[in-house]
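Asks: take this sequence and fold it.
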Amino acid sequence: LALFREGTQEGYKSYDWKDILTRKNAPQTQHNINVNGGTEKVKYFMSVGYLNQEGLYATKDINFSRYNFRSNISAKISKYLTADAQLSGHVQDKMAPYDDDTYIIHGITRMHPYYSPYANDEEGKHYGLTNFQNPLARSDADVSGYRKERKKLFNGVFSLKYDMPFIPGLSAKVLFSYLTKVEEFKTFAKEFKLYSYDKESGKYNTVFTGNSPSNLTRKDYTQEQNMLQFSLNYNRTFLDKHNVQALFLYEQREDLDDYLQAYRQFAIDALDQINSGSDKNKNNAGVASELANASFVGRINYDYASKYLFEFSFREDGSAKFYKNNRWGFFPSVSVGWRLSEESFIKNNTQIFDNLKIRASYGVMGDDQFLDSSGNPQVLPFQYQSVPLPLHYKAWSNAVKDNAWMLQFHRPGHRSAVPYNSPANPVFMRVCGIFNSGNNDVKRHFSGFLIIYDLFHNTSDQISLFFITYVWILQDIRNRTDLFQDFFCVRLLCLFFL
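Replies: Numbering: from 1, shown residues only. Take a look at the predicted model:
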């Protein structure tokens, strides 16, 4: 112990690996400049920002930086014509040592305090044993390599809206959006050595060699998306009680993706560029894709005094994934509803409900993904040209959604949430919840009751599901400061193979 306290003799010196590898703080700086203003006809908002954060490694080889901007401009060109432009983008860079952070941090906990970072305490000669890899060498990009990422994104949305004076409530809008994204990944694994020191010969012996041979991997990914929309919107109330809304929209979208990867090994790693590598064991890969979609969308809503509700909508979707004779699919839906809570025989006779509604709906939705159990699409663009596909993969898949009826009500002061999943995926998930308002004066009350009937039919899988859920929630807060919930749920699921 006395020798460790003195710390002067070889093998009895003490090293704090946490202090050696890490800093006491990770500096961060962030700056933003926002400007907004305008007149009655032109309004604008602009913002630019900069963020830089360093890591905790003493080598300072982990850091992140980002430049970003956003600009919104709205101009009323005339009494009926309005133009809008929204621009945004960012450039961000990230650097880290080649090895994963968890490996380096874990290495700190494995180091004995009498292990020296350097053999014979000579900087540059990282110390090592055959069963010990020096985390200081692993955290130094100049020694063991690095991982770099650069991501650039630009998004622009431009639109023109015209309110037609000759037809009150009718407006036309054209919108164009463009997005481009570039992602660059560079991983450089440098060969490094760990040493021991022989006092008698005065020589350094190599006891471990890592990342051999040195190698470089480049991955570049670019993406472009453009979308064009033309739409007509109508919104008007007649005789104070007849509310009509309508939409007709055309949309086309194109996606372009390009991916390139290159790999080289190095005999001399002084220059971290692909062309400096050896032709031996080299590897290259690349893929590009193009996908286009077009849609005609229509919707009409009518309600009388917000009491009797009707909606009809349709989609005519076209996908370049399919052969031209099977490229288009038609998907209609219809819904009717009745808000009983607006009827005088309920509104004037009870205060139990603030919203009571019955709704019935029927719809067909399309699927051009054909996802497998892992969520991967089974049909790729232009796959029909070269790969024989099952018959049901060569055209749109229809999923029929039949909400035969839904009854929902809740008391004033409560919120009810009933999210619905897309019927295009034959996986059911129903989340039903009634949330108490937190009023502790309430001793005991009936909080909520919810019934859902759902009939689902997927023609591609020939499966029909009949699904009923009953939820009854009672809340009892007598003699308790926290809320106690009795939750009762009965679920009936029947599966039919047609």
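
Asks: how about low-confidence regions in the stretch 101-250 of the chain?
Replies: 130-132 (pLDDT under 70).

Asks: same question, the stretch 301-450 of the chain
Replies: Ranges of the stretch 301-450 of the chain meeting pLDDT under 70: 370-450.

Asks: in its sheet, what does the helix or strand that R299 is a member of sit against?
Replies: In this assignment (DSSP states H and E), R299 forms part of strand 278-304. Neighbouring strands of strand 278-304 in its sheet, by DSSP bridges, are strand 242-266 (antiparallel), strand 308-319 (antiparallel).

Asks: distance to L21 added to these, as a markdown table?
Replies: C-beta coordinates here come from the backbone N, C-alpha and C atoms, glycine included. Shown next, in a markdown table, are those (distance: least, C-beta to C-beta, whole Å):
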| stretch | distance to L21 |
| --- | --- |
| strand 242-266 | 27 |
| strand 308-319 | 53 |
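
Asks: out of the ones you listed, which comes closest to S212?
Replies: The minimum distance between S212 and the strands paired with strand 278-304 falls on strand 242-266, with 9.6 Å, by C-beta to C-beta.

Asks: stretch 341-350 spans what distance, first to last residue?
Replies: Stretch 341-350 stretches 10 Å from its first residue to its last (C-alpha to C-alpha, to the nearest Å).

Asks: and it, how far out from the chain's middle?
Replies: The chain centroid and the centroid of stretch 341-350 are separated by 44 Å under C-alpha atoms, centre = their mean, to the nearest Å.

Asks: shouldn't A285 be in contact with Q261?
Replies: Yes - using C-beta atoms under 8 Å as the test, A285 is close enough to Q261 to be in contact (4.5 Å).

Asks: these two: which is more packed in?
Replies: Taking other C-beta atoms under 10 Å, A285 and Q261 do not tie; Q261 has more neighbours (15 against 10).

Asks: quickly list what the more buried one is bridged to.
Replies: K219, A285.

Asks: just the pLDDT at it, thanks.
Replies: pLDDT, Q261: 97.

Asks: list the contacts for the closest residue to S313 other than its chain neighbours?
Replies: The shortest distance from S313 to any non-neighbouring residue, by C-beta to C-beta, 6 or more residues apart in numbering, is to R299 (4.0 Å). Residues near R299 by C-beta atoms under 8 Å, 6 or more residues apart in numbering: Q245, A246, L247, E311, F312, S313, F314.

Asks: R299 and S335: what is the separation?
Replies: Remark: distance between R299 and S335 (C-beta to C-beta, to the nearest Å) = 11 Å.

Asks: any common contacting residues for the two?
Replies: Common neighbours of R299 and S335 (C-beta under 8 Å, 6+ apart) are E311, F312.

Asks: looking at the sheet around D317, what are its partners?
Replies: Beta-bridge partners, per DSSP bridges, of D317: S295, G329.

Asks: so H112: helix, strand or coil?
Replies: coil (DSSP: H, G, I helix; E, B strand; the rest coil).

Asks: quick check: it vs Y57, distance?
Replies: 21 Å.

Asks: more neighbours: the two, which one.
Replies: Counted by other C-beta under 10 Å, H112 and Y57 do not tie: Y57 has more neighbours, with 23 against 9.

Asks: let's see the pLDDT reported for the more buried one.
Replies: Looking at Y57, its pLDDT is 94.

Asks: spit out the contact partners of it.
Replies: By C-beta under 8 Å, 6+ apart, Y57 lies in contact with L21, T22, R23, P97, I104, S139.

Asks: hmm, 6 Å instead?
Replies: Y57 sits next to S139 when contact means C-beta atoms under 6 Å, 6 or more residues apart in numbering.

Asks: and for K161?
Replies: T82, S171, K173.

Asks: in terms of helices and strands, where is it?
Replies: With DSSP H and E as criterion, K161 is part of strand 145-163.

Asks: in the helix or strand just after that strand, what counts as buried?
Replies: Following strand 145-163 in sequence order, the next helix or strand is strand 170-189 (DSSP H and E). Within strand 170-189, the residues that qualify as buried are 170-171, 173, 175, 177, 179-182, 185-189, counting by 16 or more other C-beta atoms under 10 Å.

Asks: if we can go back for a sec, tell me the one of the contacts of R299 nearest F230?
Replies: L247 (11.6 Å).

Asks: now do that closest one against E311, distance only.
Replies: From L247 to E311 the distance is 11 Å (C-beta to C-beta).

Asks: one more: T222?
Replies: 41 Å.

Asks: one more: Y162?
Replies: Counting by C-beta to C-beta - Y162 and E311 are separated by 26 Å.

Asks: run through who's touching the helix or strand containing F45.
Replies: Using DSSP H and E, the element containing F45 is strand 42-54. Residues outside strand 42-54 that contact it (C-beta under 6 Å, 6+ apart): 26-36, 38, 63-75.

Asks: please apply the same query to stretch 167-179.
Replies: 155-164, 225-236.

Asks: straight-line length of stretch 32-51, end to end?
Replies: Note: stretch 32-51 ends 9 Å apart using C-alpha to C-alpha.

Asks: repeat that for stretch 155-175.
Replies: Per C-alpha to C-alpha, stretch 155-175 runs 13 Å from first to last residue.

Asks: again, but for stretch 159-168
Replies: 21 Å.

Asks: and if you look at stretch 209-216?
Replies: Stretch 209-216: ends 17 Å apart by C-alpha to C-alpha.

Asks: for that stretch, list every residue counted as buried.
Replies: Here stretch 209-216 shows G210, N211, P213, S214, N215, L216 as buried, counting by 16+ other C-beta under 10 Å.

Asks: wait, the last one touches Q265, no?
Replies: No - L216 is beyond contact range of Q265, at 8.1 Å (criterion: C-beta atoms under 6 Å).

Asks: now stretch 329-339: buried residues?
Replies: Quick answer for stretch 329-339 (16+ other C-beta under 10 Å): G329, F331, S333, S335, G337, R339.

Asks: is it possible to get a markdown table of the residues you listed that adds secondary structure?
Replies: Conversion of the buried residues of stretch 329-339 to a markdown table gives the following (three-state DSSP):
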| residue | secondary structure |
| --- | --- |
| G329 | strand |
| F331 | strand |
| S333 | strand |
| S335 | strand |
| G337 | strand |
| R339 | strand |
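
Asks: just the residues you listed now: which is nearest Q369?
Replies: Among the buried residues of stretch 329-339, and counting by C-beta to C-beta, the member closest to Q369 is G329, at 13.0 Å.

Asks: surely the closest one is in contact with V364?
Replies: No - checked against C-beta under 6 Å, the pair G329 and V364 is beyond contact range at 8.9 Å.

Asks: how about stretch 242-253: buried residues?
Replies: Applying 16+ other C-beta under 10 Å to stretch 242-253 flags N243, Q245, A246, L249, E251 as buried.

Asks: now do the helices in this structure.
Replies: Secondary structure of the chain (DSSP state H): helices at 2-6, 17-21, 101-110, 135-138, 141-144, 344-347.

Asks: buried ones in the fifth one?
Replies: The reference is to helix 141-144. In helix 141-144, counting by 16+ other C-beta under 10 Å, buried: A141, V143, S144.

Asks: many thanks, we can stop here.
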